[in-house]
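Chemist: Starting from these lines, generate the structure:
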Amino acid sequence: MFQLDSTIVSEEILTNDFVCNLSACKGACCVDGEAGAPVEDKETEILVDIFKEVKPYLRPEGIAAIEEQGAFVKGEDGEWETPLVNKSECAYVTFSENGTAKCGLEAAYNAGVTQWKKPISCHLYPVRVREYSEFTAVNYHQWHICDTACTLGASLKVPIYKFVKEALVRKFGSEWYAKLEEVAEEYTKS
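Modeler: Below you'll find the predicted structure:
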């Protein structure tokens, strides 16, 4: 671990490689598990505000779950998260013809319908961020469903922090990311 401004960062995001391999995993991170995607406080209002615009990009099951449960829900851990369909799939998930999970929020963003891509937790994955009173922890979340992403990342030699660069900049800013790159450069030299 090392400190970067008010963040404590796991060295694993520098030392482990990762590139999503959707053709292999089919977007399992959006459908497996027992909880929805983490949603920050400020993102809850966004989910409510953009629902009408996003709705045409969602499945009927997802729309029904959102209309029944709300655009976001309080998880068992007391934190906000996306609602689920069948206690498994994120309500904002759609599926391609070959069964690959895709994000309806991101589809609406890519179509220019909204200005918001998706929850930062999804954008950052496999990096997980946890806010504490004195600092923010930035960690690698290792999940067996992403083994093929680790393999692909290793073959392409793409460390996690580079794979999620856009999301890290979105979360912490370009100055923070530039400092992270400096740390990574020093780390690889030693």
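Chemist: And the strands in this protein, which stretches?
Modeler: Using DSSP state E, the strands of the chain run over 2-4, 7-9, 73-74, 80-81, 84-85, 89-90, 93-95, 101-103, 127-131, 136-140.
Chemist: Pick the most buried one from these.
Modeler: Ranked by average neighbour count under the criterion mean count of other Cβ atoms under 10 Å, the strands of the chain are headed by strand 89-90 at a mean of 26. The C-beta positions use only the backbone N, C-alpha and C, and glycine is treated the same way.
Chemist: Need the residues that contact it.
Modeler: 30-31, 36-37, 61-62, 82-84, 101, 103 (Cβ atoms under 8 Å, 6 or more residues apart in numbering).
Chemist: filter the residues you listed to the buried ones?
Modeler: Buried members of these, counted by 16 or more other Cβ atoms under 10 Å: 30-31, 36-37, 62, 82-84, 101, 103.
Chemist: now for the strands of the chain, which one comes closest to Lys42?
Modeler: The closest of the strands of the chain to Lys42 is strand 80-81. By Cβ to Cβ, the value is 10.1 Å.
Chemist: I'd like to know the average pLDDT value across the closest one.
Modeler: Confidence for strand 80-81, expressed as mean pLDDT, is 96.
Chemist: Which secondary structure elements does that strand sit against?
Modeler: With contacts defined as 3 or more Cβ pairs under 8 Å, 6 or more residues apart in numbering; DSSP states H and E, strand 80-81 has these neighbours: helix 41-54, strand 73-74.
Chemist: contacts for that strand?
Modeler: Residues outside strand 80-81 that contact it (Cβ under 8 Å, 6+ apart): 35-41, 43-44, 72-75.
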